[in-house]
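Undergrad: Give the three-dimensional model of this entry:
(one chain, ligands or ions: 1)
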Amino acid sequence: MSNSIRVFAPASVANVAVGFDILGFALDKPGDEIKVGFSDQQGLRITAITGADGKLPLVVEKNTAGFAAQQLLKHLNKEDIGIDMEIHKKMPFGSGLGSSAASAAAGVVAVNALLGYPLNKQELLHFAVLGEQIADGAYHADNVAPSLLGGMILIRNNSDLDVHQLPIPDDLYAAVVHPDVEVLTKDARDVLSDQVCLKKCIEQGGNLAAFILGLMNSDFELISRSLHDVIIEPQRAQLIPNFYDVKEAAVTAGALGCSISGAGPSIFALCQGEETGRAVGQAMQSVFSRAGIENQLYLSNINRDGAVVL
Ligand code: HSE
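TA: Here you go, the predicted structure:
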């Protein structure tokens with residue numbers, strides 16, 4: 001591998017309680033790393049995957065990072081260039097932490113950097129979403145966009161990828177606990193009804209708008225009053241053991257709000273300040289631990305950088 005480039009792309013929390021498929025933020029850690037370099041053999045090859053227990057395919061077309069990078073190369077008319085890619089998974093998949101999105105984001109950023117930055121990050125987004133689409137069949141950017149661009153992202157429209165950075169209060173922290181159970185995004189999407197009652201739609205719309213206003217004004221009380229998912233969480237809570245106990249523990253320990261991270265099973269809580277975040281995270285963990293469920297806590301500020309060349 002020559003001229004090699006290494007890229008880190010962070011985990012992300014999608015939906016953020018009030019924005020199913022249209023809201024997401026990036027974490028400082030964990031994240032995936034991808035290394036690419038030129039090779040003498042024509043075309044893109046995935047030469048190694050670590051940290052995935054053999055569960056991820058080496059076949060480019062079936063791999064989120066590989067497919068995303070391949071679509072980018074196709075767009076640039078550079079499919080014949082010899083490129084080797086190594087994928088180093090540093091977070092669990094099927095976790096609700098945007099693992100496949102992080103790989104897709106890292107894949108396109110790495111190949112773009114190797115080729116001398118022909119596109120900017122905004123232009124890379126479409127290709128990363130195509131990669132992520134392999135994982136659950138849907139074209140949505142609520143994990144990919146924060147993982148690629150960083151920050152708290154609002155997606156006005158997934159088809160147009162009309163994405164916007166929202167302001168983030170400095171003191172906003174996320175405690176995310178991953179219980180050691182697997183929930184596949186596809187299964188978590190299949191449980192959802194395609195009907196939403198008008199009353200709940202109005203409630204969720206009010207919460208989403210007020211949450212954004214809370215971010216804009218660093219109004220933590222408004223953020224707290226707004227972080228309630230009345231549509232998706234009630235349908236998915238059954239997929240996560242002890243969900244409501246964990247949520248209650250988070251709120252009792254001082255969280256602004258708590259809900260399912262992406263499609264689960266990870267659960268996130270937004271908090272004011274790192275100290276509160278740690279206490280909230282530990283309270284959430286202790287519920288899982290008491291139930292005999294292995295778990296990990298990720299405590300993080302909101303990551304503003306997204307995918308970066310190391
Ligand atoms: N918005 C997506 C979902 C995120 O909740 O299904 C997971 O890919």
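Undergrad: Tell me how many other residues surround residue 271.
TA: Summarising burial for residue 271: neighbours were counted as other Cβ atoms under 10 Å, giving 28. The way it works is simple: take the backbone N, C-alpha and C, and place the C-beta from them, glycine included.
Undergrad: Apologies, that question was intended for residue 116.
TA: The tally of other residues near residue 116 (other Cβ under 10 Å) stands at 6.
Undergrad: That one belongs to a helix?
TA: No - with the criterion set as DSSP: H, G, I helix; E, B strand; the rest coil, the secondary structure at residue 116 is coil rather than a helix.
Undergrad: Would you mind confirming that residue 82 makes contact with residue 42?
TA: Yes - under the criterion of Cβ atoms under 8 Å, residue 82 lies in contact with residue 42, with a separation of 5.4 Å.
Undergrad: Counting by contacts, list what whatever helix or strand residue 275 lives in packs against.
TA: Counting by DSSP states H and E, the secondary-structure element that holds residue 275 is helix 274-290. Counting contacts by 3 or more Cβ pairs under 8 Å, 6 or more residues apart in numbering; DSSP states H and E, the secondary-structure elements packed against helix 274-290 are strand 172-179, helix 243-252, strand 267-272, strand 295-301.
Undergrad: In three-state terms, label residue 128 for me.
TA: When states are read from three-state DSSP, the local structure at residue 128 comes out as helix.
Undergrad: what's near enough to touch it?
TA: By Cβ atoms under 8 Å, 6 or more residues apart in numbering, the contact set of residue 128 is 68, 101, 104, 105, 107, 108, 144, 147, 148.
Undergrad: SS state for the second one?
TA: Going by three-state DSSP, the secondary structure assigned to residue 101 is helix.
Undergrad: what's near enough to touch it?
TA: Applying Cβ under 8 Å, 6+ apart to residue 101 gives the contacts 12, 64, 128, 132, 135, 143, 144, 147.
Undergrad: so the fourth one sits right up against residue 100, yeah?
TA: So that's residue 132. Yes - taking contacts as Cβ under 8 Å, residue 132 lies within contact range of residue 100: 5.6 Å.
Undergrad: who's more crowded, these two?
TA: Set side by side, residue 132 and residue 100 show more neighbours around residue 132, with 30 against 27, by other Cβ under 10 Å.
Undergrad: Report the separation between the more buried one and residue 307.
TA: According to Cβ to Cβ, to the nearest Å, residue 132 stands 13 Å off from residue 307.
Undergrad: likewise residue 204?
TA: As for residue 204, its distance to residue 307 is 30 Å (criterion: Cβ to Cβ).
Undergrad: ok, these two, which is more surrounded?
TA: In this comparison of residue 204 against residue 307, neighbours counted by other Cβ under 10 Å, the higher total goes to residue 307 at 32 against 20.
Undergrad: check contacts around the nearest residue to that one once chain neighbours are set aside.
TA: Of all residues beyond its chain neighbours, the one nearest residue 307 is residue 9 (3.9 Å), with distances taken as Cβ to Cβ, 6 or more residues apart in numbering. Contacts for residue 9 (Cβ under 8 Å, 6+ apart) come out as 31, 32, 34, 102, 103, 105, 106, 109, 147, 148, 306, 307.
Undergrad: I'd like these as CSV, with secondary structure, distance to residue 196 and pLDDT appended.
TA: Written out in CSV, the entries for the contacts of residue 9 read as follows (DSSP: H, G, I helix; E, B strand; the rest coil; distance: Cβ to Cβ, whole Å; pLDDT from 0 to 100):
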residue, secondary structure, distance to residue 196, pLDDT
31, strand, 33, 96
32, strand, 34, 97
34, strand, 38, 98
102, helix, 30, 97
103, helix, 31, 97
105, helix, 30, 98
106, helix, 34, 98
109, helix, 35, 98
147, helix, 27, 98
148, helix, 29, 98
306, coil, 31, 98
307, coil, 33, 98
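Undergrad: I am finished for the moment; much appreciated.
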